[in-house]
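[1] Below is the structure, and that's it, no one-letter string:
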């Protein structure tokens, strides 16, 4: 756990490029051998750190009102991406993945945002929706907030209720209701 916290702290202090496995080990007060025993790269450390925090920060109790659940999820997503140290780690990994195929592979294997959104999305799709439809709907839900934050726009200008209503409109219009 000390290694995960050290990686988060270093990321905020020196950025992704400035972090090294050595600096992570030193900050965590463990040997490099200990770090390398569990992780091969700093990207693996950051992904594990951000995944664990994302599970906590994006896991919301579901209510009897799907629209309210969508709004709550979108608000939590914006907070995670814009303000959370784990969100900063995730954003750094997304940036690195644009030119490092190994990091891109890590992110493809562990879809942090998709996993967190899936429970909310599955509530509003038809019960017989196939996994492809769920994946498409998840991208439709997460995409606008993700783009807004990653392109440097002010997260306070996002209106989660409007995004949730637009999402529901698309889903109910039948665009994303695939079945097997």
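    Yep, it's here. Bear in mind that the values here come from a model prediction, so they are computed numbers and not experimental data.

[2] And the worst-scoring helix or strand of the chain on mean pLDDT, what's buried?
    Taking mean pLDDT, DSSP states H and E as the measure, the helix or strand of the chain with the lowest value is helix 112-124, at a mean of 87. By neighbour count on 16 or more other Cβ atoms under 10 Å, the buried set for helix 112-124 is 112, 113, 116, 117, 118, 120, 121, 124. For glycine as for every other residue, the C-beta is placed from the backbone atoms N, C-alpha and C.

[3] do the same with stretch 5-19
    Within stretch 5-19, the residues that count as buried by 16+ other Cβ under 10 Å are 6, 7, 8, 10, 11, 16, 19.

[4] avg pLDDT for that stretch?
    Averaged over stretch 5-19, pLDDT sits at 92.

[5] Mind giving me the packing neighbours of the longest helix anywhere in the chain?
    Secondary structure of the chain read by DSSP state H shows that its longest helix is helix 131-150. Under the contact definition 3 or more Cβ pairs under 8 Å, 6 or more residues apart in numbering; DSSP states H and E, helix 131-150 sits against helix 66-83, helix 85-97, helix 112-124, helix 160-172.

[6] Could you export the ones you listed to CSV, including columns for distance to residue 143?
    Output for these, formatted as CSV (distance: least, Cβ to Cβ, whole Å):
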stretch, distance to residue 143
helix 66-83, 11
helix 85-97, 13
helix 112-124, 10
helix 160-172, 10
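
[7] which residues touch residue 43?
    Neighbouring residues of residue 43 by Cβ atoms under 8 Å, 6 or more residues apart in numbering: 93, 96, 100, 102, 103, 106.

[8] Generate JSON lines for those, with distance to residue 162, neighbour count and pLDDT as supplementary columns.
    Shown next, in JSON lines, are these (distance: Cβ to Cβ, whole Å; neighbours: other Cβ atoms under 10 Å; pLDDT from 0 to 100):
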{"residue": "93", "distance to residue 162": "28", "neighbour count": "23", "pLDDT": "93"}
{"residue": "96", "distance to residue 162": "32", "neighbour count": "19", "pLDDT": "94"}
{"residue": "100", "distance to residue 162": "35", "neighbour count": "14", "pLDDT": "95"}
{"residue": "102", "distance to residue 162": "38", "neighbour count": "12", "pLDDT": "95"}
{"residue": "103", "distance to residue 162": "33", "neighbour count": "23", "pLDDT": "95"}
{"residue": "106", "distance to residue 162": "33", "neighbour count": "19", "pLDDT": "94"}
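
[9] ok so, going back, among the buried residues of stretch 5-19, which are in strands?
    Assigned to strands by DSSP state E, none of the buried residues of stretch 5-19 qualify.

[10] Tabulate those (CSV), appending distance to residue 150.
    Shown next, in CSV, are the buried residues of stretch 5-19 (distance: Cβ to Cβ, whole Å):
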residue, distance to residue 150
6, 25
7, 20
8, 19
10, 21
11, 16
16, 14
19, 20
